[in-house]
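Chemist: Below are the sequence and a predicted model; questions follow.
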Amino acid sequence: MSANRKTVIILIGAALVMLGLGFASKPLYDTFCRVTGFGGTPKIAEANNSEVIDRTVRVYFDANTAPDLPWKFEPEQRYMDIQLGRSGLAYYNVKNDSPVSLVGTATFNVTPIKAAPYFIKTECFCFQEQRVEPGQEISMPVLFFVEPLMNGEARLDDVREITLSYTFFRVENPIQDTHAAQGRDALN
């Protein structure tokens, strides 16, 4: 095999590997962020088994939609004061203002970023795609807690406020078995 042909094969192989890594980078990064809380992504837990301590933080709720999704999306309450370790339950409302059924998915983050690893969600509408019929309005829950271990971190002593922010995006190819959020009944 000639040196030129060998070089071309190596370059094509390297280009294909880089292309593959480009496609895999978003899912790998999302998984990394969900597991570690990196980049403002809160962790997800199955249950809150934490002890409750006296320190309280104020959690603000923020809601956004992508420009191509004609939904009204907002939190039912602007903020909630919660003790570290105590579960909090907040609701977000979404209304489909379009004449067609639409499916959306919500991404989320927490600020300040240094508090994200301690903000744990146990139940959330953002875990699944949401189908909302024309004119339908849904109340969607998020169950969370702030890990008491945050209190032991000197670099987090100044954190008195945390913002949980969601952005809904339109899903072009929804999963077949997507159902609308069950709202307040989802946690019962």
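Modeler: Structure's in. What do you need? Residues are numbered from 1 along each chain as shown.
Chemist: Flag every buried residue along the strand or helix carrying Ser165.
Modeler: Taking DSSP states H and E as the criterion, the element that holds Ser165 is strand 161-170. The neighbour-count criterion (16 or more other C-beta atoms under 10 Å) identifies 162-168, 170 as the buried residues of strand 161-170. Yep, even glycine has a C-beta here, placed from its N, CA and C like the rest.
Chemist: do the same with stretch 75-89
Modeler: Within stretch 75-89, the residues that qualify as buried by neighbour count (16+ other C-beta under 10 Å) are 75, 80, 82-85, 87-88.
Chemist: Pick out the most distant pair among those.
Modeler: Taking C-beta to C-beta as the measure, the buried residues of stretch 75-89 reach their widest spread between Pro75 and Gly85, a distance of 22.4 Å.
Chemist: quick one: the host helix or strand of Leu143 to strand 161-170, angle?
Modeler: Element membership for Leu143, per DSSP H and E: strand 137-146. Between strand 137-146 and strand 161-170, the angle comes out at 140 degrees (axes from the mean of the first three to the mean of the last three C-alpha atoms, to 10 degrees).
Chemist: strand partners of strand 137-146, parallel vs antiparallel please.
Modeler: The partner list of strand 137-146 in its sheet, established with DSSP bridges, is strand 88-96 (antiparallel), strand 119-124 (antiparallel).
Chemist: Out of those, which is closest to Leu156?
Modeler: Among the strands paired with strand 137-146, the nearest to Leu156 by C-beta to C-beta is strand 119-124 (11.3 Å).
Chemist: what mean pLDDT would you report for the closest one?
Modeler: On average, the pLDDT along strand 119-124 is 90.
Chemist: try stretch 159-167
Modeler: 96.
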